[in-house]
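Visitor: Any chance you could fold what I've pasted below:
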Amino acid sequence: MKLAKEIENFQTENIPNMDPKVIDTFVRGIEDLKNQKIVRNALKVEDKIPSFTLPDAKGKEVSSDELLKNGPIIISFY
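Guide: Okay, the predicted model is just below:
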């Protein structure tokens, strides 16, 4: 499902039961994302990610280029 459709579904199902302040925060956040044209700049299927270095779960710096030498990688954000 496309992000726009997920947002629309969320709004339809949840907004009627929300506090007006929460609604305002969501609406402003959604508008900010639209104005930033974030979808236009997002990677598409089969695009290559740029090289990066991030800390692993133990704080050790890990390079995507080094990991890719062993095969595909999965990135999990938490």
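
Visitor: make it CA atoms for all contacts and neighbour counts henceforth
Guide: Will do.

Visitor: Flag every buried residue along the worst-scoring helix or strand of the chain on mean pLDDT.
Guide: Least confident helix or strand, the chain: helix 38-41 with a mean of 80, by mean pLDDT, DSSP states H and E. Buried residues in helix 38-41, counted by 16 or more other Cα atoms under 10 Å: none are found.

Visitor: what ranges of this protein fall below the confidence cut-off?
Guide: 1 (pLDDT under 70).

Visitor: Neighbours of Leu68, how many?
Guide: Counted by other Cα atoms under 10 Å, the residues lying close to Leu68 total 11.

Visitor: go on, Met18?
Guide: 11.

Visitor: ok, now how distant is it from Asp24?
Guide: 10 Å (Cα to Cα, to the nearest Å).

Visitor: same deal with Gln36?
Guide: For Gln36, the distance to Asp24 - Cα to Cα - is 18 Å.

Visitor: Kindly report the same for Glu46.
Guide: To Asp24, Glu46 is 36 Å away according to Cα to Cα.

Visitor: Pick out whichever of these two has more residues nearby.
Guide: Asp24 (12 against 6).

Visitor: Going by residue numbers, what spans are helices in the protein?
Guide: Here the chain has its helices, by DSSP state H, at 3-14, 20-35, 38-41, 64-68.

Visitor: Helix 3-14 and the second one, what's the angle between them?
Guide: Relative orientation of helix 20-35 with respect to helix 3-14: 170 degrees, computed using axes from the mean of the first three to the mean of the last three Cα atoms, to 10 degrees.

Visitor: residues of helix 20-35 that come out buried?
Guide: Quick answer for helix 20-35 (16+ other Cα under 10 Å): Ile23.

Visitor: oh, and call the first residue 762 from now on, that's how I've got it
Guide: Sure, I'll start counting at 762 from here, so that last one is helix 781-796.

Visitor: burial measure for Gln772, as a count.
Guide: Gln772: 15 neighbours (other Cα under 10 Å).
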